[in-house]
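# Structure for the following, please:
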Amino acid sequence: MEHIYLDHAATTPMDQRVIDTMYPIYSEVFGNPSSVHSFGRKARQLLDEARRILAKSIHANEKEIIFTSGGTEADNLALIGTAKANKHNGTHIITTKQEHHAALHTAEYLEKEGFDITYLAVNEDGKINLEDLKNALTDETILVSIMYVNNETGVIQPIQEAAALLREHQAYFHTDAVQAYGLLDIDVKEMGIDLLTVSAHKINGPKGIGFLYVGEDVKVNALQFGGEQERKRRPGTENVVSAVGFQKAVELAIEHKESRRKEYQQFKDLFLSILSEEGISFQLNGKLEDTVPAIVNISFPGTNVETLLTNFDLSGIAASSGSACTAGSIEPSHVLSAIYGENNECTTNSIRFSFGIFNTKENITDAANRVSKIIKRLTA
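Alright, predicted model coming up:
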């Protein structure tokens, strides 16, 4: 039985070309990038080149890129660092009810620290209402944080329109672009984005590295204390090996962006068409045309997440949901609760399938047929 991976929104397998690029760095470049001797300069050169490529990918300046340990740290730095650096201008922050927990829990922490947080509601199409954002803005608002693509539903948020509402406002605009990066075109200057979060392991790069874009004029406090790395904004010896791998993953993502988008859309269409042909009863969460090609979130009436995921896994299908499954209990998806309400059955019977570079039409067909058999058996 072939095991089929349909959970690329959680993490992606590393591209062999990324591994091949990183491997020699382990033995050949061990210097500390902050050292002034030749070993350090060699490491610094590689780090600077990686930073330049990452900046170019979002039309930013290389000085605006802060390497982090991943998306979670970048979100924490964006929210806490910006809030604390700008609290003299106000203590109001706006985010949404469907953010990734890296941002949502950070906002809840800031709330305990005395900041006033507004959590915007989500429509049934999975998007925020721009009027809600407009009405929530006050003279005290210092930061707005809205994710670019929701990690559970794949729905693309109106980021550029949201940022436009802040052009004449003091508030900075942050977006968690972890699920958008590599699939959607991003120009931070044109789009009016002040802070942006990216993680390497979502684009077939290494785990443990990401970056936060911070616009040149944005004030952000460091969250850690130590050396003066990353222009005094994130101390600690930089992860040169992973930065080189990150660079390679980005170069490949840019080179193959159009073909990947087209291929993932074909996978999604094929998967859904087989479910329909097999007579499976299902509902899509989020408006299909407003989602990225790589993600689809499906509600299967008459089922529950824990049973579905267990049966999928036993049949060799790796998928996931927003539900936190523990021994004998399920926490409903906070994203789907924000969309439909806490008691809606979709919050406990929905599965996220996400596609990537190692999927093929053949294994997508196989996966869809296996899923169909399982749903039929569970709902018979």
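
# Which residues outside the host helix or strand of residue 66 are in contact with it?
Residue 66 is part of strand 65-68 when elements are defined by DSSP states H and E. Strand 65-68 has contacts (Cβ atoms under 8 Å, 6 or more residues apart in numbering) with 47, 51, 54-55, 74, 77, 209-214, 230-231, 233-234, 238-239, 243. Glycine gets a C-beta too; all of them are placed from N, C-alpha and C.

# partner strands of that strand, parallel or antiparallel?
Here strand 65-68 has these sheet partners by DSSP bridges: strand 210-214 (antiparallel).

# pLDDT averaged over the strand it pairs with, what's the number?
Regarding strand 210-214, the rounded mean pLDDT is 98.

# Write the ChimeraX selection for whichever of the contacts of strand 65-68 are buried.
Selection of the buried residues among the contacts of strand 65-68 in ChimeraX, burial being defined by 16 or more other Cβ atoms under 10 Å:
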select :47,51,54,55,74,77,209,210,211,212,213,214,230,233,234,238,239,243
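
# coming back round to it: chain center to the strand holding residue 66, what's the gap?
16 Å (Cα atoms, centre = their mean, to the nearest Å).

# Name the next helix or strand downstream of that strand, please.
Counting by DSSP H and E, the next helix or strand C-terminal to strand 65-68 is helix 71-76.

# Following the chain onward from that next one, which element is next?
Next element after helix 71-76 (DSSP H and E): helix 82-85.

# ok, residues contacting that next one?
Outside helix 82-85, the residues that touch it by Cβ under 8 Å, 6+ apart are 91, 93, 110, 115, 142-143, 172, 174, 195, 218-221.

# Rebuild those as JSON lines, extending it with neighbour count, pLDDT and secondary structure.
As requested, the contacts of helix 82-85 are exported to JSON lines (neighbours: other Cβ atoms under 10 Å; pLDDT from 0 to 100; DSSP: H, G, I helix; E, B strand; the rest coil):
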{"residue": "91", "neighbour count": "18", "pLDDT": "98", "secondary structure": "coil"}
{"residue": "93", "neighbour count": "27", "pLDDT": "98", "secondary structure": "strand"}
{"residue": "110", "neighbour count": "21", "pLDDT": "98", "secondary structure": "helix"}
{"residue": "115", "neighbour count": "21", "pLDDT": "98", "secondary structure": "coil"}
{"residue": "142", "neighbour count": "22", "pLDDT": "98", "secondary structure": "strand"}
{"residue": "143", "neighbour count": "30", "pLDDT": "98", "secondary structure": "strand"}
{"residue": "172", "neighbour count": "27", "pLDDT": "98", "secondary structure": "strand"}
{"residue": "174", "neighbour count": "29", "pLDDT": "98", "secondary structure": "strand"}
{"residue": "195", "neighbour count": "27", "pLDDT": "98", "secondary structure": "strand"}
{"residue": "218", "neighbour count": "19", "pLDDT": "98", "secondary structure": "coil"}
{"residue": "219", "neighbour count": "14", "pLDDT": "97", "secondary structure": "coil"}
{"residue": "220", "neighbour count": "24", "pLDDT": "98", "secondary structure": "coil"}
{"residue": "221", "neighbour count": "14", "pLDDT": "97", "secondary structure": "coil"}
